[in-house]
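Chemist: the sequence and its predicted three-dimensional model are supplied below.
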Amino acid sequence: MQTLGFPASRRVLAPTNALKIAAALSGAFMAGWLVLHVVGNLSAFGGPTRMDGYAAALRRVAPALWLARIGLFAAATVHVVATISLARRARAARPMRAVRRFSANSLSSRLGIVVGPLLLIFAGYHLLHMTFGVLHPAFDPGHVYANLVAGLSSPAIALVYIGASALVGVHLYRGLSSAGASLGVARVTNARARAVAAVAAVLLAAAFASIPVAILVGVLR
Ligand code: HEM
């Protein structure tokens with residue numbers, strides 16, 4: 001049966017594709033922001049003057065910073081809404097338990113269902129910890145380096161940050177592997193696209209984790 005000239009299958013797929021594109025574009029925006037964030041974090045290896053100077057320079061371009069923050073908040077909202085809608089659609093399309101259990105994509109989907117919310121919880125904690133200082137033992141506004149070192153000097157908190165870095169890597173790998181297909185850049189089955197996704201994810205996770213690790217072992221103090 002056809003309505004408005006579209007076969008039934010295409011009418012069902014069209015919104016799903018729009019959701020996939022929304023999830024991929026919002027995810028790409030956040031991934032780009034994470035790359036900038038990790039570059040800023042790595043300035044810690046240049047010492048307090050370098051890192052605090054970088055943070056102060058960012059604050060001097062306040063309108064651009066606020067634009068990026070608003071963009072980040074909007075991207076996070078779109079990403080959560082789109083991915084939840086996609087998960088619901090996928091579930092509704094597979095009503096039989098047996099089919100669900102043996103679905104080829106089930107492991108990576110299940111990981112995504114756990115990792116995404118965990119990252120959201122981490123982001124909330126992280127803002128209260130490093131940006132607003134509410135959950136920080138010795139927060140000193142403007143002294144980003146000192147806040148970073150004092151904030152991660154507890155091994156338990158450093159481990160939380162190392163865990164979050166690993167989750168970012170897992171999430172980015174999954175996102176990059178499927179975003180390429182959603183945006184028509186690469187096929188999910190393309191081994192080279194998966195290899196590029198894996199390298200990018202490991203590099204980003206290692207760069208994020210390097211800060212808490214360096215504080216744990218006393219390289220940054
Ligand atoms: C694991 C290593 C990480 C470290 C050491 C770290 C460190 C920091 C620091 C020091 C700040 C405050 C910057 C400032 O006041 O200028 C900050 C802000 C922020 N971080 Fe992280 N971060 C890490 C990972 C992450 C991850 C994985 C995310 C996202 C899931 C994230 C999201 C944010 C956000 C949204 C802000 C607020 C930016 C702003 O509005 O100015 N961070 N981070």
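Modeler: That came in fine, so what should we check first? Numbers count the residues shown, from 1 in each chain.

Chemist: how about the strands in the chain?
Modeler: Using DSSP state E, the strands found in the chain span residues 2-3, 6-7.

Chemist: and the residue nearest the centre of this protein?
Modeler: Val168 (5.3 Å; CA atoms, centre = their mean).

Chemist: so what's it up against?
Modeler: By CB atoms under 8 Å, 6 or more residues apart in numbering, the contact set of Val168 is Leu34, Leu119, Ala201, Leu204, Ala205, Phe208. C-beta here means a position set from N, CA and C on the backbone, and glycine is covered the same way.

Chemist: redo that, cut-off 10 Å
Modeler: Going by CB atoms under 10 Å, 6 or more residues apart in numbering, Val168 touches Ala31, Leu34, Val38, Val115, Leu119, Phe122, Ala201, Leu204, Ala205, Ala207, Phe208, Ala209.

Chemist: over to Leu86?
Modeler: For Leu86, counting by CB under 10 Å, 6+ apart, the contacting residues are Pro15, Thr16, Leu19, Lys20, Ala22, Ala23, Ser109, Gly112, Ser178, Ser182.

Chemist: widest-spaced pair of the residues you listed?
Modeler: Checked with CB to CB, the contacts of Leu86 reach their widest spread between Pro15 and Gly112, with 19.7 Å between them.

Chemist: neighbour count: those two, which is higher?
Modeler: More crowded of Pro15 and Gly112, by other CB atoms under 10 Å: Gly112, with 19 against 12.

Chemist: now that one: closest residue in space, sequence neighbours ignored.
Modeler: Residue nearest to Gly112 in three dimensions, not counting chain neighbours: Arg174, with 5.5 Å by CB to CB, 6 or more residues apart in numbering.

Chemist: tell me how far that neighbour lies from Ile113.
Modeler: Taking CB to CB, to the nearest Å as the measure, Arg174 falls 11 Å from Ile113.

Chemist: of these two, which one has the most company?
Modeler: Arg174 (19 against 12).
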